[in-house]
Each structure stands twice: as structure tokens, then as C-alpha cells.
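K.L.:
please work out how this folds:
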Amino acid sequence: MAGSILPDAPYVIPLLAGGVTGALDVWAHWWNHPVTRILHSYPIVGATLILSLLLKRRRTAFLLGGILLHAFFDMWTHVSDAYPVFYPFSEFRFPTPFSYWEKAHHAPALRIVNGLLVAAAALYLWRERRSRRAESGPACQSPSQSSGNGVS
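P.N.:
From the prediction side, this is the model:
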């Protein structure tokens, strides 16, 4: 999960730390910052992901996979504030018809779809957790209690 939020951390953290005062200035500074561009770059994150897989660094690969998925979904949900996803090789930003915040680019509908997808994912994870608990049984049961012999 950390990988999916990490690409936006360079401007979200300062915004949270400083409140909403100067929020647009903070966002504008960090949106064009090389760190933010690197965290949204297919070539850089993709190459690092491949390297982590070759080195069998599983946790690093999951983190980088989350970052890459974030960049992929950002590419489809940003219009005027799109990232150059092939940075540093290209400054080209893909024009898409959808924006998660611009009303002129279907933001209200996209928010509904996003909310439904988040709710579906949360429900799936909740059901998975419940089924795993049911399969493993009570966590604090001692062997004598689970054997059914009635001896304590």
C-alpha cells in the first residue's frame, strides 16, 4: 500500500504539515519537482522494479509495483496536471479525457467509479480476512482445549 501513495508524498506531506495555507504554492512547487517526476516515471520505476525482481528483493518489488500502478492510474486521471510518465527521456504528457478533480473532464462520474472500486476492494479484503480467521480457528486456543478431551 505504501507504494501506491508514495508518488504523491512529496507534496501531500508538506500540505498536511502546513495546513491549507499556501496549498497551491506548495503543490505547484512539488508537482514539477524532479522527485515527484521520478516517482511517476515508467522508465525509472520500471527499471528499478525489474532490478529488484532480478535481485529477488520481494518487498522492494511490491513497493515499486505500487508506485508503477499509481503512475499508470494517474496517467488516465489527470488532464491539465498530467505527469511526464517517460521522464527524463520525454516531457510529453498524455492528453486524457478524464480528470479526478476537473468537472469539465468527468470528475463527478470518476469520483463515483473510484468510490465504488475502493468500496469493492475494502469488501473483498474484509471478506478475505474473515475467511482466513475462520480457517485458522481461535488464535488463543491451547492444544488441550482444541483436542476435545475435556482435560485442562
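K.L.:
going by C-alpha atoms from here, please, whenever you check contacts or count neighbours.
P.N.:
Will do.
K.L.:
do I have it right that residue 76 meets residue 100?
P.N.:
No: contact criterion CA atoms under 8 Å: residue 76 and residue 100 do not qualify, at 9.3 Å.
K.L.:
helices or strands up against the helix or strand where residue 65 lies?
P.N.:
Element membership of residue 65 [criterion: DSSP states H and E] is helix 58-77. Judged by 3 or more CA pairs under 8 Å, 6 or more residues apart in numbering; DSSP states H and E, the packing partners of helix 58-77 are helix 2-5, helix 42-54.
K.L.:
in CSV: those, plus mean pLDDT and distance to residue 84.
P.N.:
Putting the helices and strands packed on helix 58-77 into CSV (pLDDT from 0 to 100; distance: least, CA to CA, whole Å) gives the following:
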stretch, mean pLDDT, distance to residue 84
helix 2-5, 85, 18
helix 42-54, 98, 9
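K.L.:
quick one: buried residues of the helix ranked longest in the chain?
P.N.:
Counting by DSSP state H, the longest helix found in the chain is helix 107-136. Of the residues in helix 107-136, 107, 110 count as buried by neighbour count, 16 or more other CA atoms under 10 Å.
K.L.:
what do you get for stretch 59-77?
P.N.:
Those buried within stretch 59-77 under the rule 16+ other CA under 10 Å are 60-68, 70-71, 74-77.
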